[in-house]
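> task: produce atomic coordinates for the following.
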Amino acid sequence: MHETAAAVTPAFHAKLKKSKLQPGDILFVRVGANRGDCCVVPAGIEELNCANIVFARPKVKNGFFGFYFRSPLGQSHLLAATTGAAQGVINTGSVAEMPVPVPPLPVQRRIAGILAAYDELIENSQRRMRLLEDMARALYREWFVHFRFPGHESVSRLPSALGDIPQGWEVKPFSAVASYINGYAFKPAQLGTEGNPIIKIKELKAGITAETPRNSGDGIPGKYNIRDGDVLFSWSADLDAYLWMQGDGLLNQHLFNVVPAEDLSHAFCFHALKEAMPRFRALSLGATMHHIKRSALDQVFTLLAPIETRKRFDHLVQPMHQQLIILTKLVANLRCTRDLLLPRLLSGQVEINMA
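Numbers count the residues shown, from 1 in each chain. Below you'll find the predicted structure:
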């Protein structure tokens with residue numbers, strides 16, 4: 001549970017009989033951009049309530065229906081129950097009447113077990129990714145923020161605009177360490193279903209999905225092409241730096257493709273930007289949707305160590321980034337396989353071994 005989640009007192013919780021959740025309950029988002037999203041309340045979590053979310057309580061909590069409603073098949077049925085033109089809302093009455101497959105209990109348990117194995121592989125891969133991200137970030141901070149880089153004991157400190165820094169290091173604005181290419185302003189007619197995915201803020205946060213618009217790239221200048229390992233800077237709304245890891249794509253407006261200067265690496269620029277994000281956000285403008293002006297790139301500074309130190313950092317971190325790319329693709333393949341497997345198991349296209 002997120003640390004900022006709203007809470008009620010134990011006494012008030014005891015009165016909220018209809019909104020109390022139990023492990024195995026399935027939560028549905030009824031309205032908004034994430035309409036149809038659902039999750040299963042895990043075991044070991046007690047005293048939860050839900051607000052503005054509908055939940056279903058399967059009579060048999062073996063995980064099967066959780067997998068069904070999270071699958072593309074179940075999601076399509078949920079979204080088909082949407083009513084309202086301006087802001088779609090999933091009609092709970094329609095959901096209650098929705099026909100769902102109900103295999104025999106042993107088959108339900110077997111299907112849930114097969115799909116749970118995929119979820120476990122996905123979670124293990126995601127844990128490895130979090131460890132790699134934490135290791136790379138910690139290494140950058142150790143060397144370039146706390147100045148505990150190899151051989152730091154013999155390097156004296158000199159005053160600078162950013163305080164005392166190791167001798168031989170330079171203070172540079174971010175405008176001097178990279179070029180920043182703003183994404184292409186795609187017109188509605190250019191948003192199709194074939195070609196390379198168009199990378200927007202949504203894709204940075206949720207990845208490439210079936211809803212991601214595509215374009216063949218014909219007539220789009222090559223500078224808007226994005227590849228694995230590119231550094232993307234969301235300068236509007238989200239205000240963050242991302243390492244792109246989901247294959248070739250086309251960059252949408254409101255995002256910068258960060259192209260490092262000749263002697264700098266993508267790995268270094270990514271971690272330098274990530275570290276500087278609080279300073280960029282402090283310079284953001286806008287009452288409702290914040291954005292960063294290009295001039296902020298001249299106002300926010302970073303430190304450049306001598307090239308030998310940066311090369312040693314790259315030698316350690318670039319393999320971590322490459323492993324992150326590999327694991328990202330593995331997770332995407334596992335999810336795709338899991339989602340394709342459910343309807344085939346239900347239809348008998350894939351035989352279920354009940355042994």
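
> quick check: residue 177 touching residue 263?
No - using C-beta atoms under 8 Å, residue 177 is not in contact with residue 263; the gap is 9.6 Å. C-betas here are computed from N, CA, C, even on glycine.

> higher neighbour count, those two?
Between residue 177 and residue 263, residue 177 has the larger neighbour count (other C-beta atoms under 10 Å), namely 20 against 11.

> what's the spacing between that one and residue 67?
Separation of residue 177 from residue 67 (C-beta to C-beta, to the nearest Å): 46 Å.

> please apply the same query to residue 258.
Separation of residue 258 from residue 67 (C-beta to C-beta): 39 Å.

> what's the local residue count around residue 131?
Residue 131 has 11 neighbours, counted by other C-beta under 10 Å.

> check the one 5 residues further on too.
By the criterion of other C-beta under 10 Å, residue 136 has 23 neighbours.

> make sure it is indeed in a helix.
Yes - looking at residue 136 with DSSP: H, G, I helix; E, B strand; the rest coil, it is inside a helix.

> the stretch 51-200 of the chain: strands as residue ranges?
Ranges of strands in the stretch 51-200 of the chain, per DSSP state E, counting those that start in this stretch, are 53-56, 82-83, 89-90, 157-158, 165-166, 170-173, 178-182, 196-199.

> give me the below-cutoff pLDDT ranges for the chain.
In the predicted model of the chain, residues 1-19, 33, 44-57, 60-61, 84-87, 287-288, 354-355 satisfy pLDDT under 70.

> report the central residue of the chain.
Nearest to the geometric centre of the chain sits residue 205, at 3.6 Å (C-alpha atoms, centre = their mean).

> and stretch 267-287, what's buried?
Within stretch 267-287, the residues scored as buried using 16 or more other C-beta atoms under 10 Å are 267-277, 280, 284.

> same question, stretch 142-161
143-144, 147, 149, 155.

> from the chain's centre, how far out does it sit?
33 Å (C-alpha atoms, centre = their mean, to the nearest Å).

> span of it from start to end?
Stretch 142-161 has an end-to-end distance of 20 Å (C-alpha to C-alpha, to the nearest Å).

> circling back to that earlier point, tell me which of the strands of the stretch 51-200 of the chain is the most buried.
Across those, the average number of neighbours (mean count of other C-beta atoms under 10 Å) peaks for strand 196-199, which reaches a mean of 22.

> what is that strand packed up against?
If you count contacts as 3 or more C-beta pairs under 8 Å, 6 or more residues apart in numbering; DSSP states H and E, strand 196-199 packs onto strand 214-215, strand 249-251.

> now tabulate the ones you listed in TSV and tack on distance to residue 315 and mean neighbour count.
TSV is the format used below for the helices and strands packed on strand 196-199 (distance: least, C-beta to C-beta, whole Å; neighbours: other C-beta atoms under 10 Å):
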stretch	distance to residue 315	mean neighbour count
strand 214-215	37	20
strand 249-251	28	24
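
> now do the contacts for residue 190.
By C-beta atoms under 8 Å, 6 or more residues apart in numbering, the residues touching residue 190 are residue 215.

> gap between it and residue 198?
Relative to residue 198, and taking C-beta to C-beta, residue 190 is found at 8 Å.

> please enumerate the shared neighbours of those two.
Jointly contacting residue 190 and residue 198 under the rule C-beta under 8 Å, 6+ apart are residue 215.

> okay if I get the buried residues of stretch 142-161 as JSON lines plus distance to residue 239?
Formatted as JSON lines, the buried residues of stretch 142-161 follow (distance: C-beta to C-beta, whole Å):
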{"residue": "143", "distance to residue 239": "25"}
{"residue": "144", "distance to residue 239": "21"}
{"residue": "147", "distance to residue 239": "27"}
{"residue": "149", "distance to residue 239": "29"}
{"residue": "155", "distance to residue 239": "34"}
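
> and the residues you listed, which two are furthest apart?
Largest separation among the buried residues of stretch 142-161 by C-beta to C-beta: 144 and 155, giving 13.2 Å.

> intersection of neighbour lists for these two?
Here residue 144 and residue 155 share no contacting residue, scored by C-beta under 8 Å, 6+ apart.

> so which residues of the stretch 151-300 of the chain form helices?
For the stretch 151-300 of the chain, the helices defined by DSSP state H, counting those that start in this stretch cover 201-206, 266-282, 296-299.

> nearest to residue 332, of the ones you listed?
Closest among the helices of the stretch 151-300 of the chain, using C-beta to C-beta: helix 201-206, at 11.9 Å.

> how about JSON lines for the strands of the stretch 51-200 of the chain, with distance to residue 351 added?
What follows is the strands of the stretch 51-200 of the chain, written out as JSON lines (distance: least, C-beta to C-beta, whole Å):
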{"stretch": "strand 53-56", "distance to residue 351": "29"}
{"stretch": "strand 82-83", "distance to residue 351": "35"}
{"stretch": "strand 89-90", "distance to residue 351": "34"}
{"stretch": "strand 157-158", "distance to residue 351": "69"}
{"stretch": "strand 165-166", "distance to residue 351": "64"}
{"stretch": "strand 170-173", "distance to residue 351": "62"}
{"stretch": "strand 178-182", "distance to residue 351": "51"}
{"stretch": "strand 196-199", "distance to residue 351": "34"}
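
> so which of these is nearest residue 40?
Closest of these to residue 40 is strand 53-56, at 9.9 Å (criterion: C-beta to C-beta).
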